[in-house]
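Chemist: predicted model and sequence below, questions to follow.
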Amino acid sequence: PARVAGFAGDYILDTGQARTVLALTQAQEAGFGDPELNGAVEMAGLVLPAQPVTVAKIDVRTGLFPTPISGIIGADALRGHVLDIRFDPCRVRFYPAGRAPPFRRAMSLPLTFLTGAPAVRAAVTDGARAEAGLFVLSTGSDTAVRISDAAAAAPGAPKPREVYPYGVARPTLRALSFASGLYQDLGAGLITPRDPQELGEIGAPVLSHYRVRFDFPAARLLLSPQTERAPATPRP
């Protein structure tokens, strides 16, 4: 739950989305007619005044949610804070820069920002070929991993567009090496990169194996296993 530009509702919190979005339907109901506006973003006790907000249709992304989705809170609204996410039980916490409590048993990875979205280095393989590079971290993606269509293809797909975001097809990727985990036989897909350096995107099915801290001001990703002892080769 959050409020964006005065409109309260349920919002997707997506670090892989560079810009905060207010759903066109909700914006029209609230009387907004412009495609771009400035407004406060309020969530979890955090109030961010005068944030840039894009008004856009998001129906293709939100059709399977059981409740209406009012928009997407993106990385632009988060960059000045530390964001902690725990997937089970689901918890989100925000801290000012330098004020977050210690993060126990954490591994640390440097963050790179690609077109405003956080990314880390990871590697993928289909069994015959391997590629390593920068993957955007998307807490709002329901697909474990997507690979740039400049580096990969799904030649057997009967409807090629269905292997892209919000399509119904889920090809299988042999393996992803990310942080300390080797993830095998993953639900995967393709993505059109937003930045030439982007090799792909890692989504919530992989991130949910960890407690996650995005320390945006320090440009660091901290990961700690959800359980006391994480499996050596977790399988989402």
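Modeler: Alright, I've got the coordinates.
Chemist: how about A169: what's its closest non-neighbour residue?
Modeler: With Cβ to Cβ, 6 or more residues apart in numbering as the criterion, A169 has its nearest non-adjacent residue at 3.9 Å, and that residue is E162. Yep, even glycine has a C-beta here, placed from its N, CA and C like the rest.
Chemist: distance check, that neighbour against I202.
Modeler: Applying Cβ to Cβ, to the nearest Å, the value for E162 to I202 is 21 Å.
Chemist: got the buried residues for stretch 119-133?
Modeler: For stretch 119-133, burial by neighbour count (16 or more other Cβ atoms under 10 Å) applies to 119-120, 122, 124, 133.
Chemist: torsion angles phi and psi at the residue nearest in space to the middle of the chain?
Modeler: Nearest to the mean C-alpha position of the chain, counting by Cα atoms, centre = their mean, stands S138 at 1.5 Å. Dihedral pair for S138: phi -120, psi 100, per degrees, to the nearest 10.
Chemist: grab the nearest non-local neighbour of it.
Modeler: Once flanking residues are discounted, S138 sits nearest to G16: 2.6 Å by Cβ to Cβ, 6+ apart.
Chemist: all helices for the chain, in order.
Modeler: Secondary structure of the chain (DSSP state H): helices located at 24-29, 59-62, 204-207.
Chemist: and the longest one, what other elements does it pack with?
Modeler: Spelled out, that is helix 24-29. strand 7-13, strand 46-56 (3 or more Cβ pairs under 8 Å, 6 or more residues apart in numbering; DSSP states H and E).
Chemist: the bottom helix or strand of the chain by mean pLDDT?
Modeler: In the chain, no helix or strand scores lower on mean pLDDT, DSSP states H and E than helix 24-29, which sits at a mean of 84.
Chemist: so the spatially closest residue to V120 that is not a sequence neighbour versus L134, what's the distance?
Modeler: Leaving aside its sequence neighbours, V120 sits nearest to L109 (Cβ to Cβ, 6+ apart; 4.8 Å). For L109, the distance to L134 (Cβ to Cβ) stands at 11 Å.
Chemist: the two: who's more crowded?
Modeler: A direct count of neighbours by other Cβ atoms under 10 Å for L109 and L134 places L134 higher, at 20 against 16.
Chemist: distance check, the more buried one against H209.
Modeler: According to Cβ to Cβ, L134 stands 20 Å off from H209.
Chemist: just E36 next, same as before
Modeler: For E36, the distance to H209 (Cβ to Cβ) stands at 37 Å.
Chemist: show me which of the two is the more surrounded one.
Modeler: H209 (22 against 10).
Chemist: tell me the bridge partners for the residue nearest to Q51 when sequence neighbours are not counted.
Modeler: Nearest residue to Q51, sequence neighbours excluded (Cβ to Cβ, 6+ apart): V41, at 4.8 Å. Beta-bridge partners recorded for V41 (DSSP bridges): V4, L48.
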